[in-house]
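In: Quick one, what's the 3D model for this:
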Amino acid sequence: MVYPPCSSGLCTDRQCCTNGHDYKVQWPELLGMNGEAAERIVKSDNPLVTVILMLPGRVGTADFCCNRVWIFIDQNGNVTTPFPMVG
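Out: Residues are numbered from 1 along each chain as shown. From the prediction side, this is the model:
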């Protein structure tokens, strides 16, 4: 899997990542939804991010990135915890 280059500038929190725009930075309402449908919603709500669907057993990197959203899905392809958020 190829990850996008991390782009956070001086940001260390999600709200800073919006660059003054009114983009969403977290999506708790997507829990239980189909992962591909959730990916489309996240991309629509925040065009600054790259969405990465994470299959069961996969782990992401620990660095904080303003341009990345992990969506963890279960064996049925539905969004599980942690809920999708910028980081």
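
In: tell me the SS of residue 43?
Out: Classification of residue 43 by DSSP: H, G, I helix; E, B strand; the rest coil places it in helix.

In: List the contacts of the closest residue to it other than its chain neighbours.
Out: The spatially closest residue to residue 43, leaving aside those adjacent along the chain, is residue 51, at 5.8 Å (Cβ to Cβ, 6 or more residues apart in numbering). Using the backbone N, CA and C atoms, a C-beta is placed for each residue, glycine as well. Neighbour list for residue 51: 39, 42, 43, 69, 71, 84 [criterion: Cβ atoms under 8 Å, 6 or more residues apart in numbering].

In: pLDDT weak spots in the chain?
Out: Within the chain, the segments meeting pLDDT under 70 span 1-4.

In: those helices in it, which residues are they?
Out: With DSSP state H as the criterion, the chain has helices at 35-45.

In: For it, which segments count as strands?
Out: 50-54, 68-72, 85-86 (DSSP state E).

In: isn't residue 24 right up against residue 46?
Out: Yes - the pair residue 24 / residue 46 is scored as a contact, 5.4 Å apart, by Cβ atoms under 8 Å.
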